[in-house]
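Trainee: Provided below for reference: sequence and predicted model.
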Amino acid sequence: MSYQLSVIIIGKNTEKILARSIDSVIAAVNKAGQLIEAFEVLYVDSNSTDSSLQIAEGYAEVRTVAITSSTFYSASLGRHLGLQHARYDNLLFLDGDMTLSPDWFTETEEAYARHRAIVGQWNERELSMEGELNREIANYNGIEQEEVLIKPCGFLQINRKLIAGGQSFHPLIVNNEEKDFYAQFYGEGKIVGLPIKAFDHNNFKRKTSSKWAAFLSLNGKTGYLTSFYYAIKEGYVADYFRIQYDKFLNVLVLLCLIVALLTWNVLWGVPALLLLVFPLGKLKSRLADLFFFPYKLYATVRLLSQEHAATYQVDGKTQEADLK
């Protein structure tokens with residue numbers, strides 16, 4: 001099976017790694033030979049202040065979508081615009097700090113013919129700001145066999161016909177936007193994980209970053225609540241809960257605690273405690289979700305009550321996007 005391919009790379013200030021990312025895609029396509037009939041790389045730039053956009057524009061194989069101004073920036077916005085302007089039905093989503101495995105297309109030919117949405121293993125590489133490798137974790141997402149996934153990532157190869165119902169990335173979702181996208185078409189088709197290396201994720205570690213700052217940044221994001229709003233609005237609540245089951249359990253914990261406080265019945269605390277503790281590995285994230293929930297709820301309502309739009313340039317034309 002041969003096919004045409006649009007590779008959508010999103011990025012903001014990724015000049016340190018972007019050329020390597022684009023080069024890795026071109027190398028993998030060339031190695032695939034006749035399997036890839038035609039291809040394009042679509043780089044979506046989120047108003048970078050470095051030379052990322054200029055680097056992308058230096059490749060004949062690359063088209064650019066340059067977001068020049070927006071009331072809201074997110075990875076989901078970049079993927080949304082890339083999906084809108086991709087020329088071909090077979091899509092591969094990458095982040096600008098990912099480098100594609102040279103064998104990805106050749107090793108997944110048969111699997112992609114059977115499944116219309118696939119991901120693979122990734123290696124997590126922590127680099128210093130100077131580009132030196134600090135550590136590397138192989139098969140970071142732990143895919144050991146071909147299996148249907150619940151937790152997708154920023155890497156995804158998918159046929160557009162699977163999302164022919166108009167599904168897309170919701171630009172206002174920050175964090176877990178991949179889960180929201182997956183929930184929209186989960187009833188029509190599943191994302192299948194393959195025990196084949198897909199990419200390296202090159203994570204540049206800032207010397208000024210701290211575990212506490214990273215913890216606050218992660219837990220202050222409103223992704224799953226904003227996603228819940230869209231799930232209600234667009235009618236995919238059941239699949240939302242299938243994909244976001246861990247957040248659903250957090251809501252049950254919160255409801256049990258509220259009932260316990262309102263009724264002064266401590267027995268309601270028993271299921272809340274059990275849900276918090278088992279499995280033990282989820283305890284930290286669930287406690288954080290409960291602690292930050294009031295802020296997340298406020299931030300979500302505030303976000304959705306505002307008007308949001310973006311201006312961008314593609315194929316020599318300036319366009320505007322309503323982000324609602």
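Mentor: Nice, I can see it.
Trainee: for the protein, what are the low-confidence residue spans?
Mentor: The model of the chain has pLDDT under 70 over residues 205-220.
Trainee: Spell out the residue ranges of the strands in it.
Mentor: For the chain, the strands defined by DSSP state E cover 3-11, 36-46, 62-70, 90-95, 98-100, 117-128, 133-137, 147-148, 156-159, 192-205, 309-314, 317-322.
Trainee: what would those strands look like in a markdown table with distance to Lys233 and mean neighbour count?
Mentor: In short, each C-beta sits where N, CA and C put it, glycine included. As requested, these are exported to a markdown table (distance: least, CB to CB, whole Å; neighbours: other CB atoms under 10 Å):
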| stretch | distance to Lys233 | mean neighbour count |
| --- | --- | --- |
| strand 3-11 | 25 | 23 |
| strand 36-46 | 25 | 21 |
| strand 62-70 | 22 | 18 |
| strand 90-95 | 24 | 24 |
| strand 98-100 | 31 | 24 |
| strand 117-128 | 23 | 19 |
| strand 133-137 | 38 | 11 |
| strand 147-148 | 26 | 12 |
| strand 156-159 | 23 | 22 |
| strand 192-205 | 28 | 20 |
| strand 309-314 | 19 | 18 |
| strand 317-322 | 15 | 11 |
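Trainee: Need these in a markdown table (columns: distance to Trp268).
Mentor: Formatted as a markdown table, the strands of the chain follow (distance: least, CB to CB, whole Å):
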| stretch | distance to Trp268 |
| --- | --- |
| strand 3-11 | 44 |
| strand 36-46 | 45 |
| strand 62-70 | 44 |
| strand 90-95 | 43 |
| strand 98-100 | 45 |
| strand 117-128 | 40 |
| strand 133-137 | 40 |
| strand 147-148 | 35 |
| strand 156-159 | 40 |
| strand 192-205 | 38 |
| strand 309-314 | 45 |
| strand 317-322 | 43 |
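Trainee: Out of those, which is closest to Ser76?
Mentor: strand 3-11 (9.2 Å; CB to CB).
Trainee: Show me what that closest one is packed against.
Mentor: helix 18-32, strand 36-46, helix 75-85, strand 90-95 (3 or more CB pairs under 8 Å, 6 or more residues apart in numbering; DSSP states H and E).
Trainee: Note down every partner strand of it and its orientation.
Mentor: Looking at strand 3-11 with DSSP bridges, its partner strands are strand 36-46 (parallel), strand 90-95 (parallel).
Trainee: Give me the residues contacting the longest one.
Mentor: Outside of strand 36-46, the residues within contact range by CB atoms under 8 Å, 6 or more residues apart in numbering are 2-12, 18, 22, 25-26, 29, 52-53, 56, 59, 61-67, 70, 73, 77-79, 81-82, 85-88, 96, 105.
Trainee: do that again at 7 Å, thanks
Mentor: 2-12, 22, 25, 29, 52-53, 56, 59, 61-67, 73, 78, 81-82, 85-87, 105 (CB atoms under 7 Å, 6 or more residues apart in numbering).
Trainee: likewise stretch 82-94?
Mentor: Counting by CB under 7 Å, 6+ apart, 3-10, 21, 40, 42, 44, 65, 79, 100, 154-161, 168-169, 314 sit against stretch 82-94.
Trainee: Spatially nearest residue to Ile150, not counting backbone neighbours?
Mentor: Ile243 (5.9 Å; CB to CB, 6 or more residues apart in numbering).
Trainee: Could you check how far that neighbour is from Asp180?
Mentor: 8 Å (CB to CB, to the nearest Å).
Trainee: Tell me which of the helices and strands packed on strand 3-11 lies nearest to Val259.
Mentor: Closest approach to Val259 among the helices and strands packed on strand 3-11 (CB to CB): helix 75-85, 34.3 Å.
Trainee: May I have that closest one as CSV, with CA atoms only?
Mentor: Extracted C-alpha coordinates of helix 75-85, given in CSV (Å, rounded to 0.1, in the frame of the first residue of the first chain):
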residue,chain,number,x,y,z
ALA,A,75,-0.1,22.9,21.2
SER,A,76,-3.7,22.1,20.4
LEU,A,77,-4.1,25.3,18.3
GLY,A,78,-1.1,24.4,16.3
ARG,A,79,-2.4,20.9,15.6
HIS,A,80,-5.8,22.3,14.8
LEU,A,81,-4.5,24.7,12.1
GLY,A,82,-2.2,22.0,10.7
LEU,A,83,-5.1,19.6,10.4
GLN,A,84,-7.1,22.3,8.6
HIS,A,85,-4.4,23.1,6.0
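Trainee: List the contacts of Leu257.
Mentor: Ala272 are the contacts of Leu257 under CB under 7 Å, 6+ apart.
Trainee: related to what we said a few turns ago, kindly reformat the helices and strands packed on strand 3-11 as CSV and extend each row with distance to Ala260.
Mentor: Compiled in CSV, the helices and strands packed on strand 3-11 are given as follows (distance: least, CB to CB, whole Å):
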stretch, distance to Ala260
helix 18-32, 50
strand 36-46, 44
helix 75-85, 36
strand 90-95, 42
